[in-house]
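Undergrad: Kindly generate the corresponding structure for this input.
(one chain, ligands or ions: 1)
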Amino acid sequence: MLEFTAWCPLVPFDFQLRTRVVFGAGTARRLGEIAAGLGFRRTLFVADAGVRDAGYVDRALEDLGAAGVDAVPFHDFGQNPDSAMAEVGRAFAAPLGVDSIVGFGGGSSLDCAKAINFLLTNGGTMSQYRGYGKASTPLLPMIGVPTTAGTGSEAQSYAVISDAVTHMKMACGDPSAAVKVAILDPNLTLTAPRHVTAMAGFDAIAHAVETAVTTRRTPVSDMFSRRAWSLLNGAYERVLNHPTDLEARSDMLLGSHLAGIAIEQSMLGAAHACANPLTARYDLAHGLALAALLPHVVRWNASAAADRYAALLDGGDQSDRAADRLAERLESMIAAAGLRGSLRDRGVEERTLPELAALAAQQWTGTFNPRTFDEGGALEIYRAAY
Ligand SMILES: [Zn+2]
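TA: You can find the predicted model right below:
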């Protein structure tokens, strides 16, 4: 028996884009001009080691210097930035007297930049900022320059940062944590290794799919979710097969950004709630965890979201087949990306599923899933994905 969720145009929302978006091939070279235009004089330049090694950082620092912006690079953090790394960044930045921050790189760079900003301006520890609006002093102005198409962090006012002790992800949000300008230059994504393109891209796809069906979605978030999905759905295999296809790279980067805007309004669902404990407990990469889970979550949500999944597929097919068809499409993307693998294949021990389910049920993001998500539901999803 299907319970279709009626489309309700009366759902209240409060929507404001806080970020200016500069999009296009070559736009990264405008970083200096844009930073100077925002009044940056001395900036903390947070970039992951991979981006530094690709040579992008030297060029960006030159461009900033030429525009009269003194930039101090910081690279001392890992792929899953945690609260301890943010504290290292704060200790590094505190004596520098910076007036601004640039986050340049994958999602880890952008999240780390935001987390350092919280600590630098408001003190304390990251766990104090869990939730939304806990900063009493506005954060320093930021520019975000993503070099992967994935998290869409440059579109969000949240720093997603792991607790250094429990390894669980914390979403720490504040209106002033949104970047002032996001520079989306697909040229920067051309050299991303295939596994990075595959995993980050699938994360963006999961964002489009989950935001399209949450209980918090609005007519505005829905517009961003659907456009994100159509761009990502059309470009994912192309960018994997032809990594230098600039048009496909552009679609992926814009798609991930639009999905990031959708998250800001709509939040996420059961796939992210179930993925986070796997990353915390087994250090499973976010994209791999989502690839193992998302098709099963879509099928599990069929009774509550089939009409929304049908809308993503551009079909009028408002039957339980819509969820199956979407799950099959996701499975073909996962296969094309080389991300196929069950939780068992990923080294997850079956005996730990109940404890993982208990953790998944505590994830804030699970509360927005269209079908009521609890410990029992999480266990069903883990078992299906096992
Ligand atoms: Zn994600």
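
Undergrad: Please identify the buried residues of the least confident helix or strand in the chain by mean pLDDT?
TA: Least confident helix or strand, the chain: helix 49-53 with a mean of 88, by mean pLDDT, DSSP states H and E. Residues of helix 49-53 classed as buried: Ala49, Gly50, Val51, Arg52 (neighbour count, 16 or more other C-beta atoms under 10 Å). From N, CA and C alone the C-beta is placed, and that goes for glycine too.

Undergrad: which residues does the residue nearest to the first one when sequence neighbours are not counted contact?
TA: Counting by C-beta to C-beta, 6 or more residues apart in numbering, the nearest residue to Ala49 once its immediate chain neighbours are dropped is His75, at 5.2 Å. Neighbour list for His75: Ala47, Asp48, Ala49, Arg52 [criterion: C-beta atoms under 8 Å, 6 or more residues apart in numbering].

Undergrad: Those: which two are farthest apart?
TA: Across the contacts of His75, the longest distance by C-beta to C-beta is 8.1 Å; it joins Ala47 and Ala49.

Undergrad: now the protein, which segments are flagged as low pLDDT?
TA: The model of the chain has pLDDT under 70 over residues 1-10, 315-320.

Undergrad: Can you dump the C-alpha atoms of the longest helix along it in PDB for me?
TA: Counting by DSSP state H, the longest helix found in the chain is helix 219-241. Taking Å, rounded to 0.1, in the frame of the first residue of the first chain, the C-alpha atoms of helix 219-241 are listed here in PDB:
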ATOM      1  CA  PRO A 219       9.400  24.400  -3.500                       C
ATOM      2  CA  VAL A 220      12.800  26.300  -3.600                       C
ATOM      3  CA  SER A 221      15.000  23.400  -2.400                       C
ATOM      4  CA  ASP A 222      13.100  21.100  -4.800                       C
ATOM      5  CA  MET A 223      14.100  23.300  -7.800                       C
ATOM      6  CA  PHE A 224      17.700  23.000  -6.800                       C
ATOM      7  CA  SER A 225      17.500  19.300  -6.100                       C
ATOM      8  CA  ARG A 226      16.000  18.500  -9.400                       C
ATOM      9  CA  ARG A 227      18.300  20.700 -11.500                       C
ATOM     10  CA  ALA A 228      21.300  19.200  -9.600                       C
ATOM     11  CA  TRP A 229      20.100  15.700 -10.300                       C
ATOM     12  CA  SER A 230      19.600  16.400 -14.000                       C
ATOM     13  CA  LEU A 231      23.100  17.900 -14.300                       C
ATOM     14  CA  LEU A 232      24.800  15.100 -12.300                       C
ATOM     15  CA  ASN A 233      22.800  12.300 -13.900                       C
ATOM     16  CA  GLY A 234      23.800  13.500 -17.400                       C
ATOM     17  CA  ALA A 235      27.500  14.100 -16.600                       C
ATOM     18  CA  TYR A 236      28.600  11.400 -14.200                       C
ATOM     19  CA  GLU A 237      29.500   8.600 -16.600                       C
ATOM     20  CA  ARG A 238      30.800  11.200 -19.100                       C
ATOM     21  CA  VAL A 239      33.300  12.700 -16.600                       C
ATOM     22  CA  LEU A 240      34.500   9.200 -15.600                       C
ATOM     23  CA  ASN A 241      35.000   8.100 -19.200                       C
END
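
Undergrad: what inclination does the very next helix or strand once past that helix have with respect to helix 219-241?
TA: Counting by DSSP states H and E, the next helix or strand C-terminal to helix 219-241 is helix 246-266. On the basis of axes from the mean of the first three to the mean of the last three C-alpha atoms, to 10 degrees, helix 246-266 is oriented at 150 degrees to helix 219-241.

Undergrad: can you pull out the helices in the stretch 1-150 of the chain?
TA: 31-37, 49-53, 56-66, 83-93, 107-122 (DSSP state H, counting those that start in this stretch).

Undergrad: ok, the residue sitting nearest the centre point of the chain - contacts?
TA: Taking C-alpha atoms, centre = their mean, the centroid of the chain lies closest to Thr151, which sits 2.3 Å from it. Thr151 makes contacts with Gly106, Gly107, Leu110, Asp111, Val160, Ala200, Asp203, Ala204, His207, Ser256, Gly260, as judged by C-beta under 8 Å, 6+ apart.

Undergrad: Recalculate using a threshold of 6 Å.
TA: Neighbouring residues of Thr151 by C-beta atoms under 6 Å, 6 or more residues apart in numbering: Gly107.

Undergrad: likewise Ser100?
TA: Phe40, Thr43, Leu140, Pro141.

Undergrad: hmm, try it at 10 Å
TA: By C-beta atoms under 10 Å, 6 or more residues apart in numbering, the residues touching Ser100 are 35, 38-45, 69, 71, 117, 140-143, 180.

Undergrad: With Ala159 instead?
TA: Neighbouring residues of Ala159 by C-beta under 10 Å, 6+ apart: 81, 86, 103, 110-119, 126, 129, 139, 153, 170-174, 177.

Undergrad: what's the angle between the strand or helix carrying it and helix 83-93?
TA: Using DSSP H and E, the element containing Ala159 is strand 158-162. Counting by the same axes, to 10 degrees, strand 158-162 lies at 120 degrees to helix 83-93.

Undergrad: List the buried residues in strand 158-162.
TA: By 16+ other C-beta under 10 Å, the buried positions in strand 158-162 come out as Tyr158, Ala159, Val160, Ile161, Ser162.

Undergrad: now stretch 130-146
TA: Buried, per 16+ other C-beta under 10 Å, within stretch 130-146: Ala135, Leu139, Leu140, Pro141, Met142, Ile143, Gly144, Val145, Pro146.

Undergrad: That one: end-to-end distance?
TA: Taking C-alpha to C-alpha, to the nearest Å, stretch 130-146 runs 23 Å from one end to the other.
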